[in-house]
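1. show me how the following folds:
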Amino acid sequence: MKNLFNDISQEEKSRILEMHSHKKNVISEQGIGSGPKPYPGTKNVSQNSQQVYKKIADDLYNSMKGLSSSEDSKNVEKIIYDKIKTPYDWDGVVKAFGVRDGENFDQWLKGELRINYDQIIHNLVQRGALEF
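-> Take a look at the predicted model:
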């Protein structure tokens with residue numbers, strides 16, 4: 001690759017860097033196209049809470065994997081409504097779920113045919129368990 005900065009003076013380099021320094025945006029793939037925004041402070045979740053969120057994530061995954069019945073779908077909704085009470089809970093479960101079989105938690109929920117993802121998110125927002 002050709003180095004384009006060889007023939008530019010130090011003054012010109014500084015001017016270009018200064019011109020673009022205020023436009024720094026951090027780009028992250030996490031959360032792209034996935035509904036709710038992360039809730040502040042979720043990084044400080046206790047180890048006990050992390051274990052609880054992992055259990056919830058595992059229960060949700062086990063209910064969603066494979067061919068889902070209407071009973072599995074009802075179980076997923078019940079787990080979500082019973083266990084996710086705050087935005088911290090949502091973030092904890094999303095983080096604990098991670099990526100399984102190439103999909104994150106939002107993608108798994110959206111992929112469930114018998115689950116109305118938009119309605120679940122709407123209900124959680126109405127209850128204060130999620131923020132957009």
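2. show me which helix runs longest in the protein.
-> Determined from DSSP state H, the single longest helix within the chain is helix 47-64.
3. hey, C-alpha coordinates of that helix in PDB?
-> The C-alpha trace of helix 47-64 is given here as PDB (Å, rounded to 0.1, in the frame of the first residue of the first chain):
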ATOM      1  CA  GLN A  47     -21.000 -12.100  40.400                       C
ATOM      2  CA  ASN A  48     -24.100 -13.500  42.000                       C
ATOM      3  CA  SER A  49     -26.300 -11.500  39.600                       C
ATOM      4  CA  GLN A  50     -24.200 -12.700  36.700                       C
ATOM      5  CA  GLN A  51     -24.900 -16.300  37.700                       C
ATOM      6  CA  VAL A  52     -28.600 -15.500  37.900                       C
ATOM      7  CA  TYR A  53     -28.600 -13.900  34.500                       C
ATOM      8  CA  LYS A  54     -26.700 -16.900  33.000                       C
ATOM      9  CA  LYS A  55     -29.400 -19.200  34.400                       C
ATOM     10  CA  ILE A  56     -32.100 -17.100  32.900                       C
ATOM     11  CA  ALA A  57     -30.300 -16.900  29.600                       C
ATOM     12  CA  ASP A  58     -29.800 -20.700  29.600                       C
ATOM     13  CA  ASP A  59     -33.500 -21.300  30.400                       C
ATOM     14  CA  LEU A  60     -34.500 -19.000  27.500                       C
ATOM     15  CA  TYR A  61     -32.100 -20.700  25.100                       C
ATOM     16  CA  ASN A  62     -33.300 -24.200  26.100                       C
ATOM     17  CA  SER A  63     -36.900 -23.000  25.500                       C
ATOM     18  CA  MET A  64     -36.100 -21.500  22.100                       C
END
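4. who touches it?
-> Helix 47-64 is contacted by residues 45, 72-73, 75-76, 79-80, 83-84, 89, 92-93, 95-98, 100, 105, 108-109, 111-112 when judged by C-beta atoms under 8 Å, 6 or more residues apart in numbering. Every residue, glycine included, has its C-beta placed from N, CA and C.
5. let's go with 10 Å and repeat that
-> Outside helix 47-64, the residues within contact range by C-beta atoms under 10 Å, 6 or more residues apart in numbering are 42, 45-46, 69, 71-80, 82-84, 88-98, 100-101, 103, 105, 108-109, 111-112, 115.
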